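1. sequence and predicted model, in that order:
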Amino acid sequence: HRVAGMPLHEFAAREIFRPLKMEDTDYLPSSEKMPRIAPTEKAGRDVLRGIVHDPKAQQMGGVAGHAGVFTTAADLARFARMILQGGALEGVRILKPETVAMMTRVQTPPEVQARRGLGWDIDSEFSRPRGDLFPIGSFGHTGFTGVCLWIDPFSQTFWIFLSNRVHPKPSGNIYALQKSLANLAAAAVPDVDPRNHHGSRGARPENAGRRF
């Protein structure tokens, strides 16, 4: 906000969503889009819709770096294609190739068990969307409500799952489903090779020789 001179949601729309033609993606969705938005959760007798689930993001007015974006699978696919193509899509450059390479390499120090890039999960306890077949070096991100995106740069593959496990009850669990969907997606792609490794460090020593 300080650097750009505008709020985060305006900056994201100007620099990412609109250039990528992600027409259904935004913070603070308009009233016209409400009928197409899945309910957030129940609040007493009311059902929230178009309001971020994360309580901290709610306190921040619905705009935060960690939560608050509403989107569709089609729009998120455009974002994934941009990442796979080194930061550009259909002649529009969003990120430099060097930036994408840095973001998707392991950036955590060797003593940290979870391996992450800049904004991306690579190998951690949350890497369920990698499943058993996508290789170390693929990357993605999960959300508290059950959403996930996973990208494999080696086979040029990505898969998306948008869900809301906290509605109508907060006890929904989609962990096993995420892993199953990952395996189904990977099995459908002939170029997936679990032996691939990417980044400044490969698999942890205890994983050496295992099939991912």
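-> Sure thing, it's come through.
2. stretch 92-99: end-to-end distance?
-> Terminal residues of stretch 92-99 are spaced 15 Å apart (CA to CA, to the nearest Å).
3. what about stretch 12-19, distance to the chain center?
-> Centroid separation between stretch 12-19 and its chain, computed with CA atoms, centre = their mean, to the nearest Å, is 17 Å.
4. buried residues in it, which are they?
-> 12, 13, 16, 17 (16 or more other CB atoms under 10 Å). The way it works is simple: take the backbone N, C-alpha and C, and place the C-beta from them, glycine included.
5. so which of those sit within helices?
-> Among the buried residues of stretch 12-19, DSSP state H puts residue 12 in helices.
6. with pLDDT added, can I get the buried residues of stretch 12-19 in a markdown table?
-> Below are the buried residues of stretch 12-19 laid out as a markdown table (pLDDT from 0 to 100):
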| residue | pLDDT |
| --- | --- |
| 12 | 97 |
| 13 | 97 |
| 16 | 98 |
| 17 | 98 |
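7. any idea which of the buried residues of stretch 12-19 is closest to residue 56?
-> Nearest to residue 56 among the buried residues of stretch 12-19 is residue 12, at 17.8 Å by CB to CB.
8. contacts only, for the closest one.
-> By CB atoms under 8 Å, 6 or more residues apart in numbering, the contact set of residue 12 is 26, 27, 69.
9. which one of these has the most neighbours?
-> With neighbours taken as other CB atoms under 10 Å, the top of these is residue 69, carrying 24 neighbours.
10. how many neighbouring residues does residue 131 have?
-> 23.
11. what's the helix or strand for the residue sitting nearest the centre point of the chain?
-> Per CA atoms, centre = their mean, the C-alpha nearest to the average position across the chain is that of residue 141, at 3.7 Å. According to DSSP states H and E, residue 141 maps onto strand 139-142.
12. what are the buried residues along that strand?
-> The neighbour-count check on strand 139-142 (16+ other CB under 10 Å) flags 139, 140, 142 as buried.
13. now stretch 166-179
-> 166, 167, 174, 178, 179.
14. could you dump it to PDB, C-alpha only?
-> Extracted C-alpha coordinates of stretch 166-179, given in PDB (Å, rounded to 0.1, in the frame of the first residue of the first chain):
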ATOM      1  CA  VAL A 166     -16.500 -24.800   6.400                       C
ATOM      2  CA  HIS A 167     -20.100 -24.500   5.100                       C
ATOM      3  CA  PRO A 168     -22.600 -25.400   6.300                       C
ATOM      4  CA  LYS A 169     -20.500 -26.900   9.200                       C
ATOM      5  CA  PRO A 170     -16.900 -26.000  10.100                       C
ATOM      6  CA  SER A 171     -15.900 -29.600  10.500                       C
ATOM      7  CA  GLY A 172     -15.700 -30.500   6.900                       C
ATOM      8  CA  ASN A 173     -12.500 -32.300   5.900                       C
ATOM      9  CA  ILE A 174     -11.200 -32.600   2.300                       C
ATOM     10  CA  TYR A 175      -7.600 -33.600   3.000                       C
ATOM     11  CA  ALA A 176      -8.000 -37.100   1.600                       C
ATOM     12  CA  LEU A 177     -10.000 -35.800  -1.400                       C
ATOM     13  CA  GLN A 178      -7.200 -33.300  -2.200                       C
ATOM     14  CA  LYS A 179      -4.700 -36.100  -2.400                       C
END
